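Trainee: Quick one: sequence and predicted model below, then my questions.
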Amino acid sequence: GAVVSQHPSWVICKSGTSVKIECRSLDFQATTMFWYRQFPKQSLMLMATSNEGSKATYEQGVEKDKFLINHASLTLSTLTVTSAHPEDSSFYICSARTSGSDSYNEQFFGPGTRLTVL
Amino acid sequence: RKEVEQDPGPFNVPEGATVAFNCTYSNSASQSFFWYRQDCRKEPKLLMSVYSSGNEDGRFTAQLNRASQYISLLIRDSKLSDSATYLCVVEPRGAGSYQLTFGKGTKLSVIP
């Protein structure tokens, strides 16, 4: 299957700092990437949908000014958590969907980034 | 009502047992259905898609009942390596967004 990487895999930062997480599709072009967040023992919750070259679409309750998403190319999307606070500590996972026909294309998930804000 | 609801679990079963997971979804417009497995502190991985006619992949059988908005996963002859959290996932294709909605997951522990 296709490979999606995330960097960093884990990060610890102080409250008030900003953290950038990269999501790359390594062997395919991803017209759409998705960012999820998962708190302990909770389901993955979609934060935003990112299409290459356009503004991300955020889910209700997700602050777009706090979670900045940039999808500058068909293989890279970044999520920046600005002014992080302890409640932002979570497991952030991206997924990438292959481009192509309108039939269903599998989403491939990155390995996730574990963010801990002190 | 939550969009995707699953058995709360956890399920603790001996090796070789058969175990079934159930899931219901609230959006009748949902078009695609999946089971993913997620190991502790790892990303979810697609286990199998679920089709209206039901489908089987080795020891795994998935079924979909659109009328009842119900999805199931049956695992036969459980292996230790089956221990994971199983996520029921639906995609409201009608929205054209290809966004996945995840259930909370059911944890399975297969015991020697």
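Mentor: Arrived safely.

Trainee: Distance check, residue A:35 against chain B.
Mentor: Counting by Cβ to the nearest Cβ, to the nearest Å, the gap from residue A:35 to chain B is 11 Å. Any C-beta I mention is one placed from the backbone N, CA and C, and that applies to glycine too.

Trainee: Test of understanding: give the bridge partners of that residue.
Mentor: Per DSSP bridges, the residues bridged to residue A:35 are residue A:48, residue A:94.

Trainee: now swap in residue A:73 and tell me
Mentor: Beta-bridge partners, per DSSP bridges, of residue A:73: residue A:76.

Trainee: just checking, residue B:38 touches residue B:83?
Mentor: No - with contacts counted by Cβ atoms under 8 Å, residue B:38 stays clear of residue B:83, the gap being 11.4 Å.

Trainee: packing partners for the helix or strand of chain A with the lowest mean pLDDT?
Mentor: None of the helices or strands of chain A scores lower by mean pLDDT, DSSP states H and E than strand A:107-109, at a mean of 88. Secondary-structure packing of strand A:107-109 (3 or more Cβ pairs under 8 Å, 6 or more residues apart in numbering or on different chains; DSSP states H and E): strand A:90-98.

Trainee: same for the strand it packs on, what does it pack against?
Mentor: If you count contacts as 3+ Cβ pairs under 8 Å, 6+ apart, strand A:90-98 packs onto strand A:4-7, strand A:19-25, strand A:30-38, strand A:76-81, strand A:107-109, strand A:113-117.

Trainee: Save these as a markdown table, and put in mean neighbour count too.
Mentor: Output for the helices and strands packed on strand A:90-98, formatted as a markdown table (neighbours: other Cβ atoms under 10 Å in any protein chain shown):
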| stretch | mean neighbour count |
| --- | --- |
| strand A:4-7 | 18 |
| strand A:19-25 | 21 |
| strand A:30-38 | 24 |
| strand A:76-81 | 21 |
| strand A:107-109 | 24 |
| strand A:113-117 | 19 |
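
Trainee: so which of the ones you listed gets nearest residue B:33?
Mentor: Residue B:33 lies closest to strand A:107-109 among the helices and strands packed on strand A:90-98, at 13.7 Å (Cβ to Cβ).

Trainee: and chain B, which residues reach chain A?
Mentor: B:4, B:32, B:41-46, B:49, B:87, B:91, B:93, B:97-105 (Cβ under 8 Å from any Cβ of the partner chain).

Trainee: ok, the residue nearest to the spatial centre of chain A - contacts?
Mentor: The centre of chain A sits closest to residue A:35, judged by Cα atoms, centre = their mean, with a distance of 3.3 Å. Going by Cβ atoms under 8 Å, 6 or more residues apart in numbering or on different chains, residue A:35 touches A:23, A:46-48, A:50, A:67, A:69, A:77, A:79, A:92-94.
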